[in-house]
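Participant: Predicted model, plus sequence, below.
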Amino acid sequence: MCVACGASGAACCAAALGAANRCTTGLSCQGPVGGVQTCAACGGAGNACCPGNVCNAGLACPVAPAGMTRTCIACGLTGGACCAGALCQPGGVCVGAGGGMAGTCNACGAAGQACCALVGPTACNAGLSCQGAVAARMCAACGGAGQPCCPAAMVGGAATCSTGFQCTGAGVGMCTACGGAGQTCCGGGALANRTCSAGLTCMLPDAGGIAGATCR
């Protein structure tokens, strides 16, 4: 005699149908292997993961100890499981994802912490930039004397330094003092666009050449 299967609280449909088809959408076959298994909610916070280790948006299905059911938990939080796609909420970076592992969101962006991204203004908190070898990049101070230039606020923009410094050199560039007496004028372009500290004027050198303009 045929009986209904696959609905919430009902018996699971035949195993031959495959895990994704033993219950209706939003349910999974749960219960002890070899015992009575029924269809129950899956994918929500605290629920068992749906077939394929899938959870609802904002939740992740981390690996559970042997013999334990994998359940859906909030994802992307610092110290918690990464969301699908190895994503974390702002201020976190996903480490260890792959091979069936959800990975863990570690704090990032502050001085001495891992970069949240390898490049750009979102890699580190304000006043910091992502520095060091690619495999171990960390957030460190930028924009001050002798420090790397800070990343541009927008893609394609110019790197920046703190007031009284300007970005010089190729690549990332370094911040050097400008605007003081005898120092290079701050800014670029035409002489009228370059600035100095109060009481000083940006002037061309005796030999001419805008590149050598200094504050006097």
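Facilitator: Cool, the structure landed. Model, not experiment: these values are computed from the prediction. Residues are numbered from 1 along each chain as shown.

Participant: Okay, now the unreliable bits of the protein?
Facilitator: Along the chain, segments meeting pLDDT under 70 span 1, 208.

Participant: and the most centrally placed residue in it, backbone torsions?
Facilitator: A centroid search over the chain (Cα atoms, centre = their mean) returns C116, at 3.9 Å, as the residue closest to the centre. The phi/psi pair for C116 (degrees, to the nearest 10) reads phi -70, psi -20.

Participant: Spatially nearest residue to it (excluding sequence neighbours)?
Facilitator: C108 (4.2 Å; Cβ to Cβ, 6 or more residues apart in numbering). Every residue, glycine included, has its C-beta placed from N, CA and C.

Participant: show me what contacts that neighbour?
Facilitator: Shown in contact with C108 (Cβ atoms under 8 Å, 6 or more residues apart in numbering): G91, G92, V93, A114, C115, C116, C139.

Participant: In the protein, what residue spans correspond to helices?
Facilitator: With DSSP state H, there are no helices along the chain.

Participant: How are the strands of it distributed by residue range?
Facilitator: In the chain, strands defined by DSSP state E lie at 27-30, 38-41, 59-60, 73-74, 92-95, 104-107, 128-131, 138-141, 165-168, 174-177, 202-203, 214-215, listed in chain order.

Participant: Make CSV out of those strands and add distance to V155 and mean neighbour count.
Facilitator: Shown next, in CSV, are these (distance: least, Cβ to Cβ, whole Å; neighbours: other Cβ atoms under 10 Å):
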stretch, distance to V155, mean neighbour count
strand 27-30, 43, 22
strand 38-41, 43, 18
strand 59-60, 30, 24
strand 73-74, 31, 16
strand 92-95, 20, 20
strand 104-107, 25, 19
strand 128-131, 15, 22
strand 138-141, 19, 18
strand 165-168, 17, 20
strand 174-177, 21, 18
strand 202-203, 30, 18
strand 214-215, 32, 20
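
Participant: Please tell me how far the nearest residue to G212 once chain neighbours are set aside sits from T168.
Facilitator: Nearest residue to G212, sequence neighbours excluded (Cβ to Cβ, 6+ apart): P205, at 4.1 Å. Per Cβ to Cβ, to the nearest Å, P205 is found 17 Å from T168.

Participant: what's the answer for G31, then?
Facilitator: Counting by Cβ to Cβ, the gap from G31 to T168 is 68 Å.

Participant: ok, what's across the strand from the spatially closest residue to C124 that is not a sequence neighbour?
Facilitator: In space, and not counting its chain neighbours, C124 is closest to C139: 3.7 Å by Cβ to Cβ, 6+ apart. Counting by DSSP bridges, C139 forms beta bridges with C130.

Participant: do N106 as well
Facilitator: V93.

Participant: Now for the residue nearest to the centre of the chain: which residues touch it?
Facilitator: By Cβ under 8 Å, 6+ apart, the residues touching C116 are P90, G91, G92, V93, C108, G109, T122, A123, C124.

Participant: Same question for A84.
Facilitator: With contact set as Cβ under 8 Å, 6+ apart, A84 has these partners: A60, C75.

Participant: Same check on the one 3 residues further on?
Facilitator: Under the criterion of Cβ under 8 Å, 6+ apart, the neighbours of L87 are G76, C94.

Participant: same deal with C42?
Facilitator: C42 touches G26, L27, S28, Q30, A48, C49, C50, P51, C72, counting by Cβ under 8 Å, 6+ apart.
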